[in-house]
Structures are given as C-alpha cells and as structure tokens.
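Participant: Next comes the sequence, and after it the predicted model I'd like to discuss.
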Amino acid sequence: MPLHSTSSSNSNSSTNSSGKQLLKLCRYAVEATAVQKALDACGWSHLVKQVEGIGQADVMVAVKNTPGGKHQNLTQGERSAKNAGIPFLVVGRKMSKDNLQKALRPYLEPKRQHSPEGLAEQARLAHEETERKAFADAWFSAASTARWGKGASVGVLQQQAGRRQQQLLSQQAVAAAVAAKSSNSSIQVTKSSSSSGPSTGSSGRRQRQKLLK
C-alpha cells in the first residue's frame with residue numbers, strides 16, 4: 001500500500017503568519033481531502049500543514065478502515081514512520097474531527113502532555129495501539145492457516161483474527177498473573193523456612209538433654 005502524498009502544502013515554510021511553528025503531517029492510507037476537512041473542523045488549519053514526503057513530516061497519520069469500512073493493513077506505514085523516526089498515529093476507524101483532535105492534541109499542546117488529562121490520553125492511545133498490533137498479528141496468523149482454495153472469506157478471517165486477538169491478550173494477562181503469584185510464593189517459602197529453623201534446633205537440644213540424664 002503506497003504512502004499518500006498531498007499537494008495541499010503550498011509553501012515550504014514551517015511557520016504560520018504569526019511565526020508559530022507548524023506541525024508537519026504526512027498521511028498513510030487516507031485521503032488529503034478527509035484530513036483537511038477534519039483539520040478545518042478542528043480549527044487547526046493554521047497550526048498543521050500537510051507535506052508531500054515523510055522526510056519533511058513531524059508525524060504520520062492513518063486510519064484503520066477504508067472508506068468502504070474494510071480493515072486496512074498498516075504495517076508498511078508503521079515501518080516507514082519508524083524508519084523516519086516520527087510517530088505513527090492511527091487516529092481511529094475513520095478520519096473525523098474528534099479522532100484527529102485526540103491524536104494530534106498532545107503534539108500541538110506540549111504543556112498538556114504532563115497534565116492528568118494528557119497522560120490519560122497517552123495511555124489510551126498506547127492501549128489502542130497494543131490492541132491494533134495484536135489484531136494485526138492475529139490477522140496474519142489466521143490468513144497463513146486459511147485454505148483459500150476452499151473459499152475462506154474475509155469475514156471468516158476477521159472472526160478468526162478476533163478470537164486470536166482475545167487469546168493473545170488473555171495470555172498476556174495470565175502470564176502477568178503467574179509471574180506475580182510465583183513471586184509471592186517464593187516469599188512465603190522463605191518465611192516458612194526461616195520460622196521452622198528454631199523449632200528444629202529446640203527439638204535437638206531436648207533430645208541431647210535426655211541422653212545426658
């Protein structure tokens with residue numbers, strides 16, 4: 001899936017008319033008109049600038065679904081953003097004012113990043129990213145085992161991927177619980193061993209005293 005570029009950037013300037021630094025944005029698997037419409041709705045057209053190449057961008061944005069509602073594979077875009085050293089922001093299932101606002105606000109309001117609201121928002125985005133990666137892994141796993149020759153459909157793959165995603169998340173939760181339980185058990189065994197030591201020693205002394213008598 002190719003990277004989208006846009007001709008909406010009419011200038012190479014990185015600042016707006018007020019001299020404020022612009023956030024430069026490139027897109028992946030989403031149309032320029034949809035991004036610009038969302039920016040206009042947010043009132044951020046003077047703060048965010050769409051650029052033609054990933055090398056010029058501060059962030060890359062994408063959406064989970066196509067305009068027709070089908071799930072998109074975003075692996076290539078994520079890899080490209082990582083290689084370029086910029087954040088890859090999956091704003092949501094579709095490009096909208098609310099979705100874009102939530103994704104870009106931390107980058108437009110640096111002071112807000114350390115506020116309770118900003119930290120909570122970053123945690124939410126991180127959780128969504130974890131779920132997206134789990135679904136992508138599950139999708140490829142299901143696709144690799146599907147029998148296309150016998151009519152495996154995209155719907156079937158989505159169901160299998162959904163189940164696999166839940167399994168992966170459950171396995172992570174179980175692994176964390178087992179690690180915590182193992183740690184608690186080792187502490188209890190240590191305490192038990194230390195408490196049984198004096199008792200054994202007292203019994204030995206009593207037996208020696210009987211023999212001496």
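Facilitator: Arrived safely.
Participant: Regarding the chain, what is its longest strand?
Facilitator: Longest strand in the chain by number of residues, with DSSP state E as the criterion: strand 23-28.
Participant: next structured bit after that one?
Facilitator: Downstream of strand 23-28, the first helix or strand assigned by DSSP states H and E is helix 32-42.
Participant: Could I get the buried residue list for that following helix?
Facilitator: Ala34, Val35, Gln36, Ala38, Leu39, Cys42 (16 or more other CB atoms under 10 Å). Just so you know, the C-beta spots here come from the backbone N, C-alpha and C atoms, and that holds for glycine as well.
Participant: What is the burial count for the closest residue in space to the last one that isn't next to it in sequence?
Facilitator: Of all residues not flanking Cys42 in the chain, Gln101 sits nearest, at 5.1 Å (CB to CB, 6 or more residues apart in numbering). Applying the criterion other CB atoms under 10 Å, we find 17 residues in the vicinity of Gln101.
Participant: quick check, Gln101 in a strand?
Facilitator: No. Gln101: not assigned to a strand; according to DSSP: H, G, I helix; E, B strand; the rest coil it is helix.
Participant: Could you check how far it is from Leu39?
Facilitator: The gap separating Gln101 from Leu39 is 10 Å, by CB to CB, to the nearest Å.
Participant: what about stretch 85-96, start to end distance?
Facilitator: One end of stretch 85-96 to the other measures 25 Å (CA to CA, to the nearest Å).
Participant: buried sites along it?
Facilitator: Result for stretch 85-96 [16+ other CB under 10 Å]: buried residues Ile86, Pro87, Phe88, Leu89, Val90, Val91, Gly92, Met95, Ser96.
Participant: Leu168: which of the residues you listed is nearest?
Facilitator: Val90 (18.0 Å; CB to CB).
Participant: need the contact list for that closest one.
Facilitator: Going by CB atoms under 8 Å, 6 or more residues apart in numbering, Val90 touches Val61, Ala62, Val63, Lys64, Leu74, Ala103, Glu128, Glu129, Arg132.
Participant: run the last query once more with 6 Å
Facilitator: Ala62, Arg132 (CB atoms under 6 Å, 6 or more residues apart in numbering).
Participant: Now it: phi and psi?
Facilitator: Backbone torsions of Val90, given as degrees, to the nearest 10, read phi -90, psi 100.
Participant: and Met60, that's in a strand?
Facilitator: Yes. Looking at Met60 with three-state DSSP, it is inside a strand.
Participant: by contact count, what packs against the longest strand of the chain?
Facilitator: strand 48-50, strand 59-62 (3 or more CB pairs under 6 Å, 6 or more residues apart in numbering; DSSP states H and E).
Participant: make it 8 Å
Facilitator: Helices and strands touching strand 23-28, by 3 or more CB pairs under 8 Å, 6 or more residues apart in numbering; DSSP states H and E, are strand 3-4, strand 48-50, strand 59-62, helix 75-84, helix 97-108.
Participant: Thank you, goodbye.
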